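Asks: The following comprises the amino acid sequence and a computationally predicted model.
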Amino acid sequence: MILSIFNNCPRCRYSLRGLLDNRTCPECGLRFDERCVRYRVTNPSQILVFGLIMLAGGCVSVKHLPHFVDLANASAWETVGAIAGALWIACATAGVWFVVKRYRRGLEVAITGDGLILRLPGFNDDLVPWSDIGSASIKERPVGKPQVASVYIASQKKTVEVGRMANVFPRRADVEHFVAEVNDRVYSPPD
C-alpha cells in the first residue's frame, strides 16, 4: 500500500498530524515534500514460512528437553536431543529478540527529501542519503511473482534488492514509480 501523506515520521515515528505547513519533522529534522512516499510490506509470507520452520524445528528439539535434568541415565539420542533443544531455545530467544528490536517499527521503504529509509530483512537502515545512492533499476521477475527493485548504494558498494523477502511492490506500476522517483532524485537532486 502506498501512503503519500505521512501520519508519522518514517524515521522516528513522531506524529506529523497538524503540521501541514512544516516540511521537516520537528523531532529528527527529516525533510518532506509532495513527492515523498512510503511503501509497506503487503504480504510477508516468506517471513511467516521461516517462522513456521523454526517453530517446527523447535517442537522436534524440545520434546527431548525433559532428559536434560538426567543426562546420566538418558540414551545417546535423548542426550543429543536434550542439548539440541536447549540450544534451540537459546537461539530462538536471541532470534526473536533481534527481530523484534530490529523491525519493531515495521517493514517498509520510504522515499523522503533526505534519502531512502530501508527497513527490510537483511538491510535495516534509518536513512540512506541521496548522495550515497548510485541508481535504481527494476529486476525482472516472472509474472505473478512479487516485483523487485535493485538499489545500488555507492558508499557501501553493494546492491540492495527491495521487495524480494518482503513483498513491498505488489504491482508493476508500484516498482516502476519507486525506481523512477529514486533515479529522479539521484540524478537531479533538489536545491
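Replies: Arrived safely, thanks for sending. Residues are numbered from 1 along each chain as shown.
Asks: Geometric centre of the chain: which residue is closest?
Replies: residue 120 (1.6 Å; C-alpha atoms, centre = their mean).
Asks: How about that residue: which residues does it bridge to?
Replies: Beta-bridge pairing for residue 120 (DSSP bridges): residue 123.
Asks: That one reaches residue 148, doesn't it?
Replies: No: if you go by C-beta atoms under 8 Å, residue 120 and residue 148 don't touch, sitting 11.1 Å apart. C-beta here means a position set from N, CA and C on the backbone, and glycine is covered the same way.
Asks: anything in contact with each of the two?
Replies: residue 162 (C-beta atoms under 8 Å, 6 or more residues apart in numbering).
Asks: Under the pLDDT cut-off, which ranges of this structure? List them.
Replies: Across the chain, the ranges flagged by pLDDT under 70 are 1-5, 19-22, 42-50, 57-62, 99-106, 121-125, 144, 164-166, 189-191.
Asks: Provide a complete list of residue ranges assigned to strands in it.
Replies: Per DSSP state E, the chain carries strands over the ranges 2-3, 37-40, 108-111, 115-120, 123-129, 133-139, 148-153, 158-162.
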